[in-house]
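J.: Need coordinates for the below:
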Amino acid sequence: MTDRINPPTCSIPQEPDYSGVTIVELHPDPAPADYLQAMKLANAVADEKLGEHMLLSWYDRDRDFESPQHASECHMNSAVPGYVDYGLYHGATLKVDIGDGRFVFFYLPVDM
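T.: Next comes the predicted model:
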């Protein structure tokens, strides 16, 4: 039975929680020609900031392609894209954003 005075409410979509995540925004000139060039730039940042690392998730706006594939299918009405959610909830401590979201990479340090 539904309470007519206090009906259930939906939560308002929230922005992702980036606490504990270093965010590096790059605007290289010239801009990377494609995903592979962008990934080389992002990996260089991860090498410098984290040492040994693992790429957890990424997004390529040029091709509208993400990894893990189809991560955003469960987030169709969400404020947080699937690749962001996946990276954050799998321990990412570094986000590299190239070209204002054109290419986005989430990294996790690897303890040896």
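
J.: OK, contacts around the nearest residue to A31 once chain neighbours are set aside?
T.: Nearest residue to A31, sequence neighbours excluded (Cβ to Cβ, 6 or more residues apart in numbering): G99, at 5.8 Å. Every residue, glycine included, has its C-beta placed from N, CA and C. The contact partners of G99, taken as Cβ atoms under 8 Å, 6 or more residues apart in numbering, are 26-28, 31-32, 38.

J.: Show me the two of those that sit farthest apart.
T.: The largest separation in these, counting by Cβ to Cβ, is between H27 and A38 at 11.9 Å.

J.: so what sits against both of these two?
T.: Shared contacts of H27 and A38 (Cβ under 8 Å, 6+ apart): 98-99.

J.: More neighbours: which of those two?
T.: Comparing H27 with A38 by neighbour count (other Cβ atoms under 10 Å), the higher total belongs to A38, at 24 against 10.

J.: doesn't D97 make contact with the more buried one?
T.: No: judged on Cβ atoms under 8 Å, A38 makes no contact with D97 at a distance of 10.2 Å.

J.: Now list whatever residues contact both of those two.
T.: Common neighbours of A38 and D97 are listed as F103 (criterion: Cβ under 8 Å, 6+ apart).

J.: For the residue nearest the centre of the chain, which non-adjacent residue is spatially closest?
T.: Nearest residue to the geometric centre of the chain (Cα atoms, centre = their mean): V84, 3.3 Å. Distances taken as Cβ to Cβ, 6+ apart put P16 closest to V84, at 5.3 Å, once the chain neighbours are dropped.

J.: Save the contacts of G99 as TSV, and put in pLDDT, distance to V104 and secondary structure too.
T.: Below are the contacts of G99 laid out as TSV (pLDDT from 0 to 100; distance: Cβ to Cβ, whole Å; DSSP: H, G, I helix; E, B strand; the rest coil):
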residue	pLDDT	distance to V104	secondary structure
L26	98	11	strand
H27	98	14	coil
P28	97	14	coil
A31	97	14	coil
P32	97	13	coil
A38	98	9	helix
